[in-house]
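Asker: What follows is a predicted protein model with its sequence.
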2 protein chains.
Amino acid sequence: MAATSPPPTPALTAERILEATEEVLRRHGPAKATVVDVARALGVSHGSVYRHFRTKAALREAVTKRWLDRTSEQLSGIAAGDRDPEVRLREWLRALFDAKRRKAGADPELFATYMVLAGESGPAVTEHIADLTGQLTAIIADGAGAGVFTVPDPAAAARTVFQATGRFHDPGYAREWVRPEAEDDFGSLVELLVRGLSSP
Amino acid sequence: MAATSPPPTPALTAERILEATEEVLRRHGPAKATVVDVARALGVSHGSVYRHFRTKAALREAVTKRWLDRTSEQLSGIAAGDRDPEVRLREWLRALFDAKRRKAGADPELFATYMVLAGESGPAVTEHIADLTGQLTAIIADGAGAGVFTVPDPAAAARTVFQATGRFHDPGYAREWVRPEAEDDFGSLVELLVRGLSSP
């Protein structure tokens, strides 16, 4: 066997930079975190970071997108498939509420940080909402196809349902999510919306 | 006729103090407005103000309540009466959206000021929401009585409808209200909710 050598430095990928950026944001907060902090955490020059993300704004945008994508990816499994559309709709709305509430509760500081980032970032949030509304459209379209949902325009209905449930996924409402009545409120809202979508 | 004398100073009522407070808030912003400013604007001692409102917090609470009450009073006329409950529901939701949007648009600085005040004030906002939800309950109860709305619990349904329409009355969404798609979004949401309430 060869003599032991120091472990190879892993290649500096965009993913590694984003991981480090999240850690730096968690530690320093959104106001103070800099590209130099990220480079230092990775043991590389800040030039190396800039080769992957050309500006600090681009890096912040990418880390926000990564954070938001984690939720969309979790939900995409529920939206896909051919199970009963009404069941999928209920599960999907529930999973969205749960995912957001878990993110807010598990690491409030990081959540607050991402709220700041989401506020300054244009496309990442818009794309996230388009992503989620697209998944919802797929479910409602399946339901319309099966005659379960009586809506002429699934994309419009998805947009409406997404907006109607804002209280249970819009981060601005995070402090409402821990209130004891939130569960009942959420259940009643989903019931009313399903009734509206299914109304003859 | 008697010789002209200086016009009598109007009595220092709570209403006059609240009017002056709103003006002071408009001019100085919520962070800087003080009871001394209010007293100066009225030409009275700050002790006179304190005789009506025992603390600065009580004064801020009262002025917030007055601002919120203006909206509830406008809407109460729509909620009352015995016209078709579905028509009243649609008109009421529309009037709420219009009133909030008008307040936000007509005087953005005062609106921002009241958002700060609403954030620090407990009971005024809670009571305002209870007021509005009460009006909505009356409309939905009439509809349930007439067999137009098929809901077992009008108060619960009112709470759900109020929360579902948050995007169109919660001040946190004010910047969405001026977007061109807001009108269509609002219309689609009301349609879906009326369908849900009326579903057999």
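Answerer: Great, that's in hand.
Asker: Select the helix or strand of chain A having the lowest average pLDDT value.
Answerer: Across the helices and strands of chain A, mean confidence by mean pLDDT, DSSP states H and E is lowest for helix A:108-120: a mean of 86.
Asker: A:Glu22 versus the nearest residue to A:Pro171 once chain neighbours are set aside, what's the distance?
Answerer: In space, A:Pro171 comes closest to A:Met115 once its chain neighbours are excluded; the distance is 5.1 Å by CB to CB, 6 or more residues apart in numbering or on different chains. Where you see a C-beta, it was placed from the backbone N, CA and C, and this is true even at glycine. When CB to CB, to the nearest Å is the yardstick, A:Met115 and A:Glu22 sit 14 Å from each other.
Asker: the more surrounded of the two?
Answerer: Shown here are A:Met115 and A:Glu22; by other CB atoms under 10 Å in any protein chain shown, A:Glu22 has more neighbours (19 against 14).
Asker: And chain A, what are its domain boundaries?
Answerer: In the assignment given by automatic domain parsing, the structural domains of chain A cover A:11-54, A:65-198.
Asker: Straight-line length of stretch A:159-170, end to end?
Answerer: 14 Å (CA to CA, to the nearest Å).
Asker: What of stretch A:114-133?
Answerer: Using CA to CA, the distance between the terminal residues of stretch A:114-133 is 21 Å.
Asker: So for that stretch, what gets flagged as buried?
Answerer: For stretch A:114-133, the buried set under the neighbour-count rule, 16 or more other CB atoms under 10 Å in any protein chain shown, comprises A:Tyr114, A:Leu117, A:Ala118, A:Ser121, A:Ala124, A:Val125, A:His128, A:Ile129, A:Asp131, A:Leu132, A:Thr133.
Asker: Would you mind naming what in chain A lies close to chain B?
Answerer: Within chain A, the positions adjacent to chain B are A:156-157, A:159-161, A:163-167, A:172, A:185, A:188-189, A:192-200 by CB under 8 Å from any CB of the partner chain.
Asker: could you redo the last one with a cut-off of 10 Å?
Answerer: Those residues of chain A that sit near chain B, judged by CB under 10 Å from any CB of the partner chain, are A:150-151, A:153, A:156-157, A:159-168, A:170, A:172-173, A:176, A:181, A:184-200.
Asker: quick one, what contacts whichever residue of chain A sits closest to chain B?
Answerer: Chain A approaches chain B most closely through A:Gly196 (3.3 Å), counting by CB to the nearest CB. With contacts taken as CB atoms under 10 Å, 6 or more residues apart in numbering or on different chains, A:Gly196 has the following neighbours: A:149-151, A:157, A:160-161, A:164, B:164, B:189, B:191-199.
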